[in-house]
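J.: Sequence and predicted structure are below.
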Amino acid sequence: DRALEIANAADLQWHIGPTLLGLDHARACTGKYGEAWLGMQKTMHWLDSLEQVRYLLIAYAFVGELLLDLNLPGQVIDTMERGLSLARRTGIHYWGPVLEAHLAVARMRLGSRDGIPALEAVLVQTRTQSERYLMLRCLDALAELTLAEADTRRCHAFSEELLALAESNGLREAGARARRWRGEALLMDQAPAQALTELSAAAEQAESIGRVRLQMDLELALGRAFTSLDQPHEAALHRRNAAEIRREIGASLESS
């Protein structure tokens, strides 16, 4: 908000677009999905009219994450393909790895099982260019993709790298995501007590930063962990918590 005040007062047009996108991304992360969606659409149209391609690619990335949060993979694919087409057409590949990661996850959620090698190649590219922020998204997506393949060994490897990168840079959301995937892999490995430790730590972090969709995912995972530990009362409590978060997310969309 303060950045937007400064940019408007000084007529710093170059800074207004990404600041608006950052605000709406934060709104989406904290569960205000309808408001965020409308704001992102408005900013995208404005950036398109100004031909600010770099910031428009950030907008595509944020919209893709919002749509993944809402579990709309078909719309994610359409949106990411438009963003990647713009990148190819203009020769500006800024934030391309994030778009590629969103696209791979969306395709996986619709049943595709061929996205891992391509995304691994993108990860190598981000490492070569020292794009650590973009590496985070690639590692997060690869952990999800390998878990979907029941390849827990590789899921653990990607999660460990993600956690190390997060902790060395003080990135709490990325750390919570890494622990979430470690917990999910441990559940798949029939180690529910260890999984519970990881998932509980991740849930505490997600709640402390207010990342709503991650909180819901972790409540569901905790429910599965307590079921595996034969604690039905605790399992039911976490399922109810997840259902309440889901209801609140749905309510946030009514305005849009």
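T.: Sure thing, it's come through. Numbers count the residues shown, from 1 in each chain.
J.: Which positions in stretch 21-29 come out as buried?
T.: The neighbour-count check on stretch 21-29 (16 or more other CB atoms under 10 Å) flags 21, 23, 24, 25, 27, 28, 29 as buried. To be clear about C-beta, it is placed using only N, CA and C from the backbone, and glycine gets the same treatment.
J.: just stretch 249-256 next, same as before
T.: Buried residues in stretch 249-256, counted by 16+ other CB under 10 Å: 249, 252.
J.: measure that stretch end to end?
T.: The first residue of stretch 249-256 is 12 Å away from its last residue (CA to CA, to the nearest Å).
J.: ok, the buried residues of stretch 21-29 vs residue 39, which is closest?
T.: Using CB to CB, the shortest approach to residue 39 within the buried residues of stretch 21-29 belongs to residue 24, at 4.0 Å.
J.: host element of the closest one?
T.: helix 13-29 (DSSP states H and E).
J.: Which elements pack onto that helix?
T.: When contacts are defined as 3 or more CB pairs under 8 Å, 6 or more residues apart in numbering; DSSP states H and E, helix 13-29 sits against helix 2-9, helix 33-50, helix 53-69.
J.: Report the mean per-residue pLDDT for that helix.
T.: Mean pLDDT, helix 13-29: 95.
J.: chain center to that helix: distance?
T.: 16 Å (CA atoms, centre = their mean, to the nearest Å).
J.: List the contacts of that helix.
T.: 1, 3-4, 6-8, 33, 35-37, 39-40, 43, 46-47, 50, 52, 55, 58-59, 62, 65-66, 69, 173, 210-213 (CB atoms under 8 Å, 6 or more residues apart in numbering).
J.: now the angle between helix 53-69 and that helix, please.
T.: On the basis of axes from the mean of the first three to the mean of the last three CA atoms, to 10 degrees, helix 13-29 is oriented at 10 degrees to helix 53-69.
J.: Tell me the spacing between the residue positioned nearest the centre of the chain and residue 172.
T.: The C-alpha lying nearest the average C-alpha coordinate of the chain belongs to residue 65 (CA atoms, centre = their mean; 5.3 Å). Distance, residue 65 to residue 172, using CB to CB, to the nearest Å: 17 Å.
J.: before we move on, what about residue 18?
T.: Distance, residue 18 to residue 172, using CB to CB: 22 Å.
J.: mind checking how far stretch 27-37 is from the chain centre?
T.: Put simply, stretch 27-37 sits 13 Å off its chain's centre (CA atoms, centre = their mean).
J.: can you give me the end-to-end distance of that stretch?
T.: 9 Å.
J.: Could you give me the buried positions within that stretch?
T.: 27, 28, 29, 31, 32, 33, 34, 35, 36, 37.
J.: Check stretch 137-149 too.
T.: Under 16+ other CB under 10 Å, the buried positions of stretch 137-149 are 137, 138, 139, 140, 141, 142, 143, 144, 145, 146, 147, 148.
J.: Can you lay out the buried residues of stretch 21-29 as CSV showing distance to residue 119?
T.: Listed next are the buried residues of stretch 21-29 as CSV, based on distance: CB to CB, whole Å:
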residue, distance to residue 119
21, 24
23, 29
24, 26
25, 22
27, 28
28, 23
29, 23
